[in-house]
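Student: generate coordinates for the sequence data below:
(one chain, ligands or ions: 2)
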Amino acid sequence: MRLKALIFDVDGTLAETERDGHRPAFNRAFADRCLHWNWDESLYGRLLDVTGGKERMYHFANEYLGGHERPEDLDTLVPELHAAKNRHYAGIIEAGEIALRPGIRRILHDARKSGVRLAIATTTTRVNVVALVESLLGKDAIEWFEVIATADEVPDKKPSPDVYQYALDQMGLAAADCIAIEDSENGIKASAALGIPTLVTVSEYNRDGNFSDALLVVDHLGDPDQPCRVQGGQAAESVGAEFTEVDVSLLDRILP
Ligand code: XBP
Ligand code: MG
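Tutor: Numbers count the residues shown, from 1 in each chain. Ligands and ions are numbered 1, 2, ... in the order given. You can find the predicted model right below:
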């Protein structure tokens, strides 16, 4: 096996966390503080161009609020709103309102059986990763990932490649030995900047992304009862359309 590690993005990749997870959690945090801010699904889609929850709130306040609506104490307010948002987010996850995307559980087990190492590279906050992984994959599953690179370790968020560089450095691996699994244009910009071959599982807010650097683009990883479909990518022709699941042996075969 030439493939040494899989590096997973979190939001949009492990689960569709944005529309029904982070978004309502932000809105609950706003309502707690009696702020008349409401991020509907379409506005949130535009705000997602800015990675990082705190950065997204600053962007909203600067670009969408009139002078008198923009709170003066943003530097105090934003971190407080962000902490409250993350508490609401954990509640939503614990309530079982978000599911893993197809094939995620399967490929994680497959990688562990095959001796392929696992890591996470995300721009979300560590508490959100822990809440998601523990609730959806089980208490011990956080240990499956030997590196969890988050906004707490690396402040420069995607599309900066820093979080991927941190994961590679911690694992002592070269980019060419790994595959990144991403769902967004900002995500693949970060992984591709280091030359990490990247599989894109397109997520609901990222259907129109530019994934021209991708090794393979699929709608999701697929499961026996939910076949995946190839949408593009540099290895698309070599894999053909005749498979229903992306597994570790397929990823090893298409590794450049
Ligand atoms: C997605 C993000 C995050 C989340 C919210 O990160 O951009 O900002 O929307 O999480 P990724 P925080 O796809 O890299 O996992 O509020 O913790 O930033
Ligand atoms: Mg993502």
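Student: and for residue 239, nearest residue in space, chain neighbours not counted?
Tutor: With sequence-adjacent residues excluded and distances taken as Cβ to Cβ, 6 or more residues apart in numbering, residue 239 is closest to residue 254, at 6.1 Å. Every residue, glycine included, has its C-beta placed from N, CA and C.
Student: quickly note the distance from that neighbour to ligand 1.
Tutor: Note on residue 254: its distance to ligand 1, by Cβ to the nearest ligand atom, to the nearest Å, is 23 Å.
Student: same deal with residue 54?
Tutor: On the measure of Cβ to the nearest ligand atom, residue 54 and ligand 1 end up 7 Å apart.
Student: now residue 148
Tutor: 11 Å.
Student: and for residue 134?
Tutor: 16 Å.
Student: surely that residue meets residue 141?
Tutor: Yes: the criterion here is Cβ atoms under 8 Å, and residue 134 meets it with residue 141 at 6.8 Å.
Student: who are the packing partners of the lowest-mean-pLDDT helix or strand in the chain?
Tutor: Ranking every helix and strand in the chain by mean pLDDT, DSSP states H and E puts helix 236-239 at the bottom, with a mean of 90. Counting contacts by 3 or more Cβ pairs under 8 Å, 6 or more residues apart in numbering; DSSP states H and E, helix 236-239 packs against strand 216-218, helix 248-254.
Student: where do the helices sit along the stretch 51-200 of the chain?
Tutor: 53-64, 74-94, 104-114, 126-137, 162-171, 185-192 (DSSP state H, counting those that start in this stretch).
Student: ok, the residue nearest to residue 239 - contacts?
Tutor: 197, 215, 216, 235, 238, 239 (Cβ atoms under 8 Å, 6 or more residues apart in numbering).
Student: which among those count as buried?
Tutor: 197, 215, 216, 235, 239 (16 or more other Cβ atoms under 10 Å).
Student: next up, the contacts around the residue of the chain found nearest ligand 1.
Tutor: In the chain, the residue that lies nearest ligand 1 is residue 53 (2.2 Å; Cβ to the nearest ligand atom). Applying Cβ under 8 Å, 6+ apart to residue 53 gives the contacts 22, 26, 82, 85, 86, 124, 125.
Student: and of the residues you listed, the nearest to residue 165?
Tutor: Ranked by distance to residue 165 (Cβ to Cβ), those are led by residue 124 at 17.6 Å.
Student: any idea how far the residue in the stretch 1-150 of the chain positioned nearest to ligand 2 is from residue 249?
Tutor: Using Cβ to the ion, the single residue of the stretch 1-150 of the chain nearest to ligand 2 is residue 12, 3.7 Å away. According to Cβ to Cβ, to the nearest Å, residue 12 and residue 249 sit 25 Å apart.
Student: more crowded one of those two?
Tutor: For residue 12 and residue 249, the more surrounded residue by other Cβ atoms under 10 Å is residue 12, and the numbers stand at 22 against 11.
Student: quick check: that one vs residue 76, distance?
Tutor: 30 Å.
Student: repeat for residue 218
Tutor: Relative to residue 76, and taking Cβ to Cβ, residue 218 is found at 43 Å.
Student: and what of residue 41?
Tutor: From residue 41 to residue 76 the distance is 29 Å (Cβ to Cβ).
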